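A.B. asks: I'll drop the sequence and a predicted model, then ask my questions.
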Amino acid sequence: MDEASRARLRALPSVDALLTRPAGAALGERFGRPAAAAALRAALEEARAALRSGEPLTPTEAQIGARALARLEARERPGLRAVYNLTGVILHTNLGRAQLAEAAVEAAVEAMREAVALEFDLETGRRGEREDHARALLRELAGAQGATIVNNNAAAVLLALNTLADGREAIVSRGELIEIGGAFRMPDIMARAGARLVEVGTTNRTHLRDYRAALSERTGVILKVHPSNYRVEGFVAEAGARELAELAREAGVPLMNDLGSGALIDLSRYGVRKEPTVREAVEAGADIIAFSGDKLLGGPQAGVLVGRRDLIEKIERNPMKRAMRVDKIRLAALAATLRLYADPDRLALRLPALRFIARPLQEIAALARRIEPALAATLGPAFLVEAVACRSEIGSGALPLDAIASAGLAIRPREGGGALDRLSAALRGLPRPVIGRIEDGALILDLRCLEDEEGFLANFARLRESAPDAP
Ligand SMILES: *Cc1c(COP(=O)(O)O)cnc(C)c1O
């Protein structure tokens, strides 16, 4: 290192000195002294490294302060950041599934902020049941005798299987031994529940007689599983819920139905194909039905079991139940969500999951046409922006093969060379990240779930400051 470089290094101020100057003091005031000192130290370290490798200019105090500020702000940014979900998947597991209704958000906030009558009966002044609020609503909506709530549907299935079939056999069709994302594999869950898996039928065809032949005094449960993320088509057969229930009743064995998404209402009123509802599964004679809280139901993460009173009581006495219980925040949000179902005509206005499903195509297409010029202007001549027709899906295991006609924007780079990947990365780097999907050489932004048009445009305009290919 030459003398000039050494002189430049010596010219750098110390952390303590910086903390007494305006820029450093402001950092201490805002973030606390230890955090400010650590950030300034890191910024100085960076400056030293740059000078050692030949950087000709010593940074000013203001520049070091700005670098420290950037570090501190990056650290303050929440890990769970709000994003624009323009993937076209409405209930996207990686983006948090259902967005909650305002009523549910308010109920959750109140439960967080205040003391609440969680396990306290306000009528008698005695200890109450923590799930009572949501439980009554669930029983009513499902038309079931009993209901219980746990952490998620995976837990609900594990708990129910363990209660009904620990040390016994569970009969399942080979066509329903599903794997859904996140390491939920039906055979593994069964093993952990202590149930011995008895597979019946074949991948594409399982008949009632296959179940009948597998029944024995060792049978603990017959399990039916909604094949959430795939469909077998062609030469297929499955035993219907009703005939299976009859067989189970004859044999004196409970029938459990893992519905997965678990619609509480008929979706055909929103223009998509009907999924079997929870109420129908109860009416068809299943003894225990399991479903998720944050899929089609549109609430917080939860797993719900509804069904025969005696079996629900048995499930609640299982010590595992205590290890899977939900907190007051989610119970409040779930009950508030369920209350919205009392007014089906306004449900699609209030519940985001259903609002997105029911959103009219013309409205989405008009939005695409409206914002197209602003996006094109921000992106400049390097990209072609076009309002296009596209297809959304519900996601989270509901109607896996049914696409919903939607509209959005297709962004194509006029030249290749990785411009599309760089653009996707730049969109993820926005103050509120924008998540689309890449398809046939274009970045598709499906606008079905975009409601905050103004906020989106203001956010998108920030791309000009950061995008490598934007002007
Ligand atoms: C989604 C799903 C589950 C798991 O539910 P989580 O709420 O994600 O735990 C279990 N079974 C089926 C059939 C599903 O579709």
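C.D. replies: Arrived safely. Residues are numbered from 1 along each chain as shown.
A.B. asks: backbone dihedrals for the closest residue in space to R355 that isn't next to it in sequence, please?
C.D. replies: In space, and not counting its chain neighbours, R355 is closest to A348: 5.4 Å by Cβ to Cβ, 6 or more residues apart in numbering. Backbone N, C-alpha and C define where each C-beta goes, glycine included. The phi and psi torsions at A348 (degrees, to the nearest 10) take the values phi -70, psi -10.
A.B. asks: what residues does the stretch 1-150 of the chain have near the ligand?
C.D. replies: With the criterion set to Cβ under 6 Å from any ligand atom, the stretch 1-150 of the chain never comes near the ligand.
A.B. asks: what segments of the stretch 1-150 of the chain are helices?
C.D. replies: Taking DSSP state H, counting those that start in this stretch to define them, one finds helices in the stretch 1-150 of the chain at 3-10, 15-20, 22-31, 33-52, 61-76, 102-113, 132-142.
A.B. asks: what mean pLDDT does the fifth one get?
C.D. replies: Per-residue confidence for helix 61-76 averages out to 92 on the pLDDT scale.
A.B. asks: pick the most deeply packed of the helices of the stretch 1-150 of the chain.
C.D. replies: helix 132-142 (a mean of 19; mean count of other Cβ atoms under 10 Å).
A.B. asks: quick one: average pLDDT of it?
C.D. replies: 94.
A.B. asks: for stretch 247-266, same thing?
C.D. replies: Mean predicted confidence for stretch 247-266 is 95.
A.B. asks: touching the ligand at all, it?
C.D. replies: Yes: using Cβ under 6 Å from any ligand atom, we find that stretch 247-266 touches the ligand at 258, 260-261.
A.B. asks: quick revisit: can I get the helices of the stretch 1-150 of the chain in JSON lines with distance to G201?
C.D. replies: What follows is those, written out as JSON lines (distance: least, Cβ to Cβ, whole Å):
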{"stretch": "helix 3-10", "distance to G201": "76"}
{"stretch": "helix 15-20", "distance to G201": "71"}
{"stretch": "helix 22-31", "distance to G201": "62"}
{"stretch": "helix 33-52", "distance to G201": "61"}
{"stretch": "helix 61-76", "distance to G201": "55"}
{"stretch": "helix 102-113", "distance to G201": "40"}
{"stretch": "helix 132-142", "distance to G201": "28"}
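A.B. asks: got the residues of stretch 247-266 next to the ligand as JSON lines, with neighbour count and secondary structure columns?
C.D. replies: Shown next, in JSON lines, are those (neighbours: other Cβ atoms under 10 Å; DSSP: H, G, I helix; E, B strand; the rest coil):
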{"residue": "D258", "neighbour count": "29", "secondary structure": "strand"}
{"residue": "G260", "neighbour count": "24", "secondary structure": "strand"}
{"residue": "S261", "neighbour count": "25", "secondary structure": "coil"}
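A.B. asks: closest to the ligand out of those residues?
C.D. replies: Relative to the ligand, the closest of those is G260; by Cβ to the nearest ligand atom it sits at 2.5 Å.
A.B. asks: what bridges to the closest one?
C.D. replies: F291 (DSSP bridges).
A.B. asks: quick one: contacts for it?
C.D. replies: G260 sits next to 153, 180, 225-226, 228, 291-292, 295, 397-398 when contact means Cβ atoms under 8 Å, 6 or more residues apart in numbering.
A.B. asks: and stretch 390-397, what's buried?
C.D. replies: 390-397 (16 or more other Cβ atoms under 10 Å).
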